[in-house]
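Engineer: return a 3D structure for these sequence lines:
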Amino acid sequence: MFTQTDKTLLSSKNIDIKQVEEQIQFFSNGFPFMDLVKPATINDGILQLSEVNLKELIDIFENSSNNLERLKFVPASGAASRMFKSLYSFIEIYEGERKGYDDFMSTNGLRTIMQFAQKIKNFAFYNDLKEVLHKQGKDIDKMILMMDYVGVIEAILKQNGLNYSNLPKALLQFHKYPEKSRTSLEEHLVEGAFYARNNNKVVKIHFTVSNEHKQLFINLVNNVKSNYEKLFNVTFEITYSEQKNSTDTIAVDINNIPFRNSDGSLLFRPGGHGALIENLNDLNSDIIFIKNIDNVVPDRLKQITSDYKKALAGLLIKEQNQIFDYINEIETNNDLSDYKIKEIELFLNKQLNHILIPEFSNFNKKQKVEYLYSKLNRPIKVCGMVKNEGEPGGGPFWSINNDKSISLQIVESSQIDMNNAEQFNIFQKSTHFNPVDLVCGVKNYKGKKFNLLNYIDKNTGFISKKSKDGKDLKALELPGLWNGATSDWNTIFVEVPLITFNPVKTIDDLLRPEHQS
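Structural biologist: Reported below is the predicted structural model:
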């Protein structure tokens, strides 16, 4: 199946042929569906914090984390092009047949575009847009008055304007302030100063970026870093990484034969956000906060976000300290009492949401201790969950694992057999949604980092239909960063307020009250 040229390409990307063959098998056979037991709900897999709980956990974080190195990890390589789908649709119809344009404007199209134009001054990028048009000898107010919406939109999207359609979300102006507007990258710097600073007032933030835009990230950070350091009395240490070539996945045609480009070479595609487990694995901090680049708010809403981030981290520290105590007992006591074994079993069940394998009760003492040790000694993540209000994406469920134990998992709808009535009903009863709000503990009781690649469920992933050069193809995404890639971690779900989840999926989202300063 593979030529010498193919093998040379694989070698250059550090991809093993066996890895490619396994991926082709997934295209042929599909991924096994998740086996859901029930949705995770309040007091049954999702912890709900009272004001007292919240304060206690914040205190634990602030009093116990002095010697723990903190890091904020922000996946930020995603392009912003999908934000502007409605604007592109308008331009395509406008430049197409007149009838199509008239139909568009007579339905909801005119209203949508007029609302966008009338609210143009509310966008954080308005001053930049006005300046760009002024340099071209154009007046934005006159353009809107004359309904030259195409000219305004093209100035936002195209290279001779703001070039927003070719930039990542991190570099777009998100929020307007009296002194200046801030990009979403800058908002993450500010947010990091709220909860990720260490004892020495150092804030470490790691952005995953594309090679194409890395220098733009560096330039922006260099331009603004000192201002925010003075404003918040901190020092920022900013690092970057790119998705590794070795995590790219093979594309296939509709017959599951490797797809070839017009020059005959194999087509590989980025492996999705699950590939970032490799980037995360290269980092060595004690506490790692994970949050998507587009989920930020203006300063007036940052305090509640910060409080819950600290609370999630406080809970992680609390449970991790108990895990470490139990592991030390197991290692130093050759004859653990039946009472202590039962205590650890209950801790795994009640605190770490782990239902043991059915045969555990038949194990002898040595087997029980070894099993409990294996379940304790692994990475841990505490995940914020918001009430489901119709957002697309994964949700929290109790799920049967490969070893027949049951634990909490974040499950995407595509991982569920919707033709199975029982599974569909479980999915329908889900009450919460995954906003990608994680705090991770990636070191063991001796302070040595786990190899995170050992805790991936490689039987999870996603297959999607794409096209290239007018030909249909199938693409494969690796197990997601917050589900399959961390499937074998100890996992805790905590309800967080909906106000802490404010992603920007479309340009209109920036007009929502939560994104207006």
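Engineer: next one: Gln25 from Val252, what distance?
Structural biologist: Distance, Gln25 to Val252, by CB to CB, to the nearest Å: 11 Å. Placement of C-beta: from N, CA and C, glycine included.
Engineer: what do you get for Asp35?
Structural biologist: For Asp35, the distance to Val252 equals 27 Å [CB to CB].
Engineer: if you count surrounding residues, which of these two has more?
Structural biologist: Legend: neighbour count by other CB atoms under 10 Å for Asp35 and Val252, higher for Val252 (22 against 18).
Engineer: hang on, isn't that one packed against Pro258?
Structural biologist: Yes: in this structure, Val252 is within contact of Pro258 by CB atoms under 8 Å, at 5.8 Å.
Engineer: overlap in contacts, the two.
Structural biologist: Counting by CB atoms under 8 Å, 6 or more residues apart in numbering, the shared contacts of Val252 and Pro258 are Ile24.
Engineer: how far does stretch 38-50 sit from its chain's centre?
Structural biologist: Distance, stretch centre to chain centre, for stretch 38-50: 21 Å (CA atoms, centre = their mean, to the nearest Å).
Engineer: now do the same end-to-end measure for that stretch.
Structural biologist: 25 Å (CA to CA, to the nearest Å).
Engineer: residues making contact with it?
Structural biologist: Against stretch 38-50 from outside (CB under 8 Å, 6+ apart): 57, 311, 315, 353, 385, 395-398, 408, 426-427, 429-432, 492-495.
Engineer: if you set the cut-off to 7 Å instead, what comes out?
Structural biologist: Outside of stretch 38-50, the residues within contact range by CB atoms under 7 Å, 6 or more residues apart in numbering are 311, 353, 385, 396-398, 408, 426, 429-432, 492-495.
Engineer: list the buried residues for that stretch?
Structural biologist: By neighbour count on 16 or more other CB atoms under 10 Å, the buried set for stretch 38-50 is 39-41, 45-47, 49.
Engineer: contact partners for Phe33?
Structural biologist: Phe33 makes contacts with 415-417, as judged by CB under 7 Å, 6+ apart.
Engineer: top of the residues you listed by number of neighbours, please.
Structural biologist: Most surrounded of those: other CB under 10 Å gives Gln415, at 24 neighbours.
Engineer: how about that residue, phi and psi?
Structural biologist: phi -90, psi 0 (degrees, to the nearest 10).
Engineer: how far away is it from Arg269?
Structural biologist: Between Gln415 and Arg269 the computed distance is 20 Å (CB to CB).
Engineer: ditto for Phe2
Structural biologist: 17 Å.
Engineer: same deal with Asn362?
Structural biologist: Using CB to CB, Asn362 is found at 47 Å from Arg269.
Engineer: the two: which has the busier surroundings?
Structural biologist: Arg269 (17 against 8).
Engineer: show me where the stretch 351-500 of the chain has helices.
Structural biologist: For the stretch 351-500 of the chain, the helices defined by DSSP state H, counting those that start in this stretch occupy 365-376, 421-428.
Engineer: what is the shortest one packed up against?
Structural biologist: Just to be clear, that refers to helix 421-428. Judged by 3 or more CB pairs under 7 Å, 6 or more residues apart in numbering; DSSP states H and E, the packing partners of helix 421-428 are strand 35-39.
Engineer: one more time with 10 Å, if that's ok
Structural biologist: Under the contact criterion of 3 or more CB pairs under 10 Å, 6 or more residues apart in numbering; DSSP states H and E, helix 421-428 touches strand 35-39, strand 395-400.
Engineer: how about those strands, which one is nearest Ser210?
Structural biologist: Nearest of those to Ser210, taken as CB to CB: strand 395-400 at 28.9 Å.
Engineer: and the angle from that closest one to strand 35-39?
Structural biologist: Orientation note: strand 395-400 sits at an angle of 130 degrees relative to strand 35-39 (axes from the mean of the first three to the mean of the last three CA atoms, to 10 degrees).
Engineer: what lines up beside strand 395-400 in the sheet?
Structural biologist: Using DSSP bridges, the strands paired with strand 395-400 are strand 35-39 (antiparallel), strand 406-411 (antiparallel).
Engineer: need the longest helix for this structure.
Structural biologist: Criterion DSSP state H: the longest helix present in the chain is helix 302-332.
Engineer: buried residues in that one?
Structural biologist: Of the residues in helix 302-332, 302, 305-320, 323-324, 326-327, 330 count as buried by neighbour count, 16+ other CB under 10 Å.
Engineer: what's the angle between that helix and helix 365-376?
Structural biologist: Using the same axes, to 10 degrees: helix 302-332 against helix 365-376 is 160 degrees.
Engineer: so what does helix 302-332 touch, helix or strand wise?
Structural biologist: Partner elements for helix 302-332 (3+ CB pairs under 10 Å, 6+ apart): helix 51-64, helix 184-195, strand 287-291, helix 338-350, helix 365-376, strand 380-387, strand 437-441, strand 490-495.
Engineer: most packed of the ones you listed?
Structural biologist: The highest average neighbour count among those, using mean count of other CB atoms under 10 Å, belongs to strand 437-441 at a mean of 25.
Engineer: what is the least confident helix or strand in this structure?
Structural biologist: None of the helices or strands of the chain scores lower by mean pLDDT, DSSP states H and E than helix 98-106, at a mean of 54.
Engineer: now for the residue with the largest distance to the centre of the chain: which residues touch it?
Structural biologist: The C-alpha centroid of the chain is most remote from Asp335, which lies 43.2 Å away (CA atoms, centre = their mean). Counting by CB atoms under 10 Å, 6 or more residues apart in numbering, Asp335 touches 365, 369.
Engineer: please report phi then psi for it.
Structural biologist: With angles defined as degrees, to the nearest 10, Asp335 sits at phi -130, psi 70.
Engineer: Arg82: neighbouring residues, count only.
Structural biologist: Applying other CB under 10 Å, I find that Arg82 has 12 neighbouring residues.
Engineer: contact partners for it?
Structural biologist: 88, 165, 169, 505-506.
Engineer: distance-wise, check it relative to Ile120.
Structural biologist: For Arg82, the distance to Ile120 equals 21 Å [CB to CB].
Engineer: cool, Leu453 as well?
Structural biologist: Distance of Leu453 to Ile120, given as CB to CB: 47 Å.
Engineer: before we move on, what about His432?
Structural biologist: 36 Å.
Engineer: Gln19 too?
Structural biologist: Taken as CB to CB, the span from Gln19 to Ile120 is 49 Å.
Engineer: having no further points to raise, I will conclude here.
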